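A.B. asks: I'll drop the sequence and a predicted model, then ask my questions.
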Amino acid sequence: MRTDDLINLMAKDARVRLRFGRVFMAALVIGVAISAALLVSTIGIRGDMAEMIGTPRVLFKIGMTLLLAVTATRLAFRIGRPGVPLRPAALLLVLPLAVLVAGIAAELIVVPQANWAGSMEGRFSAFCLLFVPTLSIAPLAAILYSVRRGAPENPGMAGAVAGLAAGGIAAAIYAWHCPDDSPLFLATWYSIGISVATAAGFLLGRRILRW
């Protein structure tokens, strides 16, 4: 290959990556905005959030879900670009898991054993199971649309990562309404809702991310 051809190929690849990055960010912003608007227009932000936002449990819940959303979305962005190493971004997913385990451990120390079951069950588990997957629909559609414009090497895995990112985003948004603040509740019901979004992403990815 001549030097001129190599330079042209590299320039073309750079433009493709730039376009993918712009499309991904634009679609993601739209998806998150739709999901947030859906929350505000239906069930709204919890009434006592102004007072509760500074409490350790609420800060933990919002921070942990945001951490999952950011790390999973970063992996989804990278998985849509062929040839980009995924291992560093995938390893970052250990961070929200470690934070969650630490939160559970602290909860088990602070809360009497007789109250563990009640903390895990919460008051609005059914609401959580409904709204986390529902709020993930727009972000999932946005990420799948973006990744489809890239070239994922494994459509199922790419779809699952997109679903995980969408589930994390939905959980971070729903956390602003949810009155159940225990890490035990978070680990149980939020995780189930996020798993539903991840499974949906896997199934959709296998169908629409083929190339």
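C.D. replies: All right, it came through fine.
A.B. asks: Tell me where the chain has helices.
C.D. replies: Ranges of helices within the chain are 3-42, 49-52, 56-79, 87-91, 94-110, 116-121, 125-135, 137-148, 155-174, 183-185, 191-208, based on DSSP state H.
A.B. asks: Flag whichever of those has the least confidence on average.
C.D. replies: Looking at those, the lowest mean pLDDT belongs to helix 3-42 (a mean of 72).
A.B. asks: so which of the helices of the chain is the most packed in?
C.D. replies: Comparing those by mean neighbour count (mean count of other Cβ atoms under 10 Å), helix 155-174 comes out on top with a mean of 28. C-beta: built from backbone N, CA, C; applies to glycine.
A.B. asks: Which elements pack onto that helix?
C.D. replies: Applying 3 or more Cβ pairs under 8 Å, 6 or more residues apart in numbering; DSSP states H and E, we find helix 155-174 packed against helix 3-42, helix 56-79, helix 125-135, helix 137-148, helix 191-208.
A.B. asks: Could you export those helices as TSV, including distance to residue 170?
C.D. replies: Below are these laid out as TSV (distance: least, Cβ to Cβ, whole Å):
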stretch	distance to residue 170
helix 3-42	6
helix 56-79	8
helix 125-135	4
helix 137-148	7
helix 191-208	7
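A.B. asks: My read is that residue 76 contacts residue 144, right?
C.D. replies: No. Using Cβ atoms under 8 Å, residue 76 is not in contact with residue 144, being 9.3 Å away.
A.B. asks: Please identify every residue contacting each of these two.
C.D. replies: Listed as contacting both residue 76 and residue 144 by Cβ atoms under 8 Å, 6 or more residues apart in numbering are residue 162.
A.B. asks: Spell out which residues sit in contact with the closest residue to residue 193 other than its chain neighbours, please.
C.D. replies: Leaving aside its chain neighbours, residue 193 sits nearest to residue 132 (2.8 Å; criterion: Cβ to Cβ, 6 or more residues apart in numbering). Going by Cβ under 8 Å, 6+ apart, residue 132 touches 167, 170-171, 174, 189-190, 193-194, 196-197.
A.B. asks: for residue 28, same thing?
C.D. replies: By Cβ under 8 Å, 6+ apart, the contact set of residue 28 is 73, 139, 142-143, 146.
A.B. asks: Then residue 117?
C.D. replies: Contacts of residue 117 by Cβ under 8 Å, 6+ apart: none found.
A.B. asks: Roughly how far does it sit from residue 188?
C.D. replies: Look at residue 117 and residue 188: by Cβ to Cβ, to the nearest Å, they are 11 Å apart.
A.B. asks: Same question for residue 100.
C.D. replies: Taking Cβ to Cβ, one finds residue 100 at 11 Å from residue 188.
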